[in-house]
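Engineer: below is the sequence, then the predicted model.
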Amino acid sequence: MIASSALFSTFIQPDWPAPANVKALQTTRMGGVSAAPYDSFNVGEHVKDNPLHVARNRQLLNDYVPSEPVWLNQVHGTRVIDAALGGCVESADAAFTQTKRVVCVTMTADCLPVLLCDTQGTIVAAVHAGWRSLCDGVIEQTVASMLAKDQTLQPQQLMAWLGPAIGPQAFEVGGEVMAQFVAKDSDASTAFVAYGDKWLGDLTTIATQRLNKLGIQAVFGIDECTYQMTEKYFSFRRDGDTGRMATLIWLSA
């Protein structure tokens, strides 16, 4: 285990021009107490990890955030909640907030984590964009929820950060998955490359397309593949039984 004082060095700090009061972190698999195959900084309670180890990892994480993150029961859907009003572990795949010190979080292990904020630093969101939720419109639902909360806000005032996810060299899918994306947006066809009788898909490209079509042109991210980077990231597709990383965002006081 890496000492708590050094744990921060294992985190990724999003590189994007967010306002100074918007704070965000991306965890990796390093620095925690969980044993294999959840080694070591697993924050997912829904996997088969020792609950005491998960609790300890979350306790370590809490040293770097202003309050307990609003953890979600992620169901690969499109439901979005206001994190400041959420109940006990709500089933949803995205959360937003205008409330200072409330921490929005998504957990991933190949799915694409998406962070959103506005240029004035008044609202933030965290989105779990697995392929199903991405295809069905979780990004669109999140942006719509943010705009409904602040009716003076315009999509052009929003920016996005796309975190580590399974990359286009590793995300192999059947033709039926590609067809679902293309049925929603014909431009999605450019995000797939034939691979034998399968297809290789690019979640980051699809998410960027969706954001751009909403009017959000400021899209940033980290080009790292969870499947390929074994030592740094958990990957469900690679390992099956594995842990989860956290992608977190909040407004400072």
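Structural biologist: Yep, that arrived.

Engineer: nearest spatial neighbour of L200, chain-adjacent residues omitted?
Structural biologist: Leaving aside its sequence neighbours, L200 sits nearest to V193 (Cβ to Cβ, 6 or more residues apart in numbering; 4.8 Å). (Each C-beta comes from the backbone N, C-alpha and C, glycine too.)

Engineer: quick check: that neighbour is in a strand.
Structural biologist: Yes. With DSSP: H, G, I helix; E, B strand; the rest coil as the criterion, V193 is located in a strand.

Engineer: burial of it, as a residue count?
Structural biologist: Around V193 there are 12 other residues, counting by other Cβ atoms under 10 Å.

Engineer: list the contacts for it?
Structural biologist: By Cβ atoms under 8 Å, 6 or more residues apart in numbering, V193 lies in contact with 168, 199-200.

Engineer: how near is it to D202?
Structural biologist: The spacing between V193 and D202, counted by Cβ to Cβ, to the nearest Å, is 8 Å.

Engineer: shared neighbours, these two?
Structural biologist: Once Cβ under 8 Å, 6+ apart is applied, the residues that V193 and D202 both contact turn out to be P168.

Engineer: counting neighbours, which of the contacts of V193 comes out on top?
Structural biologist: Sorting those by how many neighbours each has (other Cβ under 10 Å) puts W199 first, at 21 neighbours.

Engineer: surely it is in contact with A179?
Structural biologist: No. In this structure W199 lies outside contact range of A179 using Cβ atoms under 8 Å: 9.7 Å.

Engineer: for the contacts of V193, which one is nearest D82?
Structural biologist: Distance to D82, by Cβ to Cβ, is smallest for P168 among the contacts of V193, at 33.5 Å.

Engineer: the closest one touches I206, doesn't it?
Structural biologist: No. If you go by Cβ under 8 Å, P168 and I206 don't touch, sitting 10.2 Å apart.

Engineer: list residues touching both of the two?
Structural biologist: When Cβ under 8 Å, 6+ apart defines a contact, the residues bordering P168 and I206 alike are A191.

Engineer: helices along the stretch 151-253 of the chain, start to end?
Structural biologist: Along the stretch 151-253 of the chain, the segments classed as helices by DSSP state H, counting those that start in this stretch run 175-184, 203-213, 236-239.
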